[in-house]
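Undergrad: okay, here's the prediction I keep looking at, along with the sequence it came from:
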Amino acid sequence: MNRDDAVARFVYEVPSLDSYWRAIVLFGRNVASYKFALASALLEVGADSAGDKISLEQLALPYASRIAAHLRTADKQGTFKGSQFLDACRAFNRGEIDAEKLRQLTIRLGFGDVIDAFHNIDDAEVPERFYVDERKIGGGSRHPPYG
């Protein structure tokens, strides 16, 4: 099955929440391990928070911890020359900064484009959103209640 057929199967033929989630994780428009780390952190932090606001402060450490863990096994991330956020994760891995400092740096540097790009597949957003970005109005995201 080629990529276009797989995207169609996950997104268009079976438009369930599960299908949208799988399509985002498998085919989404994020680079490196950012979307995987964000997806995993959203599952962890949002598990008991459907409809509740989750601040970047709450999401930062679970997200950064996953990026740091990935860097321990595969240090190269994407094609960009450098990243202050990745440097912070590497410093955490070397024991040069603690978890609180990593959390603070992640809030400031770590979310970049990943929050904006997460719901995009083939330059379009999936019809269902797994969070509403409220960074500009309240410093976090809101997870829609799914039943």
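TA: Yes, it's here.

Undergrad: all helices of the chain, in order?
TA: 3-7, 17-27, 34-46, 56-73, 84-93, 99-105, 114-117, 135-138 (DSSP state H).

Undergrad: can I get those in TSV with mean neighbour count?
TA: Backbone N, C-alpha and C define where each C-beta goes, glycine included. TSV is the format used below for the helices of the chain (neighbours: other CB atoms under 10 Å):
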stretch	mean neighbour count
helix 3-7	12
helix 17-27	17
helix 34-46	20
helix 56-73	19
helix 84-93	19
helix 99-105	17
helix 114-117	18
helix 135-138	9
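
Undergrad: turn the ones you listed into TSV, columns for mean pLDDT and distance to residue 128.
TA: As requested, these are arranged in TSV below (pLDDT from 0 to 100; distance: least, CB to CB, whole Å):
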stretch	mean pLDDT	distance to residue 128
helix 3-7	75	15
helix 17-27	83	5
helix 34-46	87	14
helix 56-73	93	19
helix 84-93	96	28
helix 99-105	97	29
helix 114-117	85	16
helix 135-138	66	20
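
Undergrad: in a markdown table, list these along with distance to residue 126.
TA: Below are those laid out as a markdown table (distance: least, CB to CB, whole Å):
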| stretch | distance to residue 126 |
| --- | --- |
| helix 3-7 | 10 |
| helix 17-27 | 5 |
| helix 34-46 | 13 |
| helix 56-73 | 20 |
| helix 84-93 | 25 |
| helix 99-105 | 29 |
| helix 114-117 | 12 |
| helix 135-138 | 20 |
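
Undergrad: of those, which is nearest residue 127?
TA: helix 17-27 (7.4 Å; CB to CB).

Undergrad: of the helices of the chain, which approaches residue 129 most closely?
TA: So among those, helix 17-27 is nearest, using CB to CB, at 9.0 Å.

Undergrad: residues contacting the nearest residue to residue 63 once chain neighbours are set aside?
TA: Leaving out its chain neighbours, the residue that sits closest to residue 63 by CB to CB, 6 or more residues apart in numbering is residue 41, at 4.0 Å. By CB atoms under 8 Å, 6 or more residues apart in numbering, the residues touching residue 41 are 59, 62, 63, 66.
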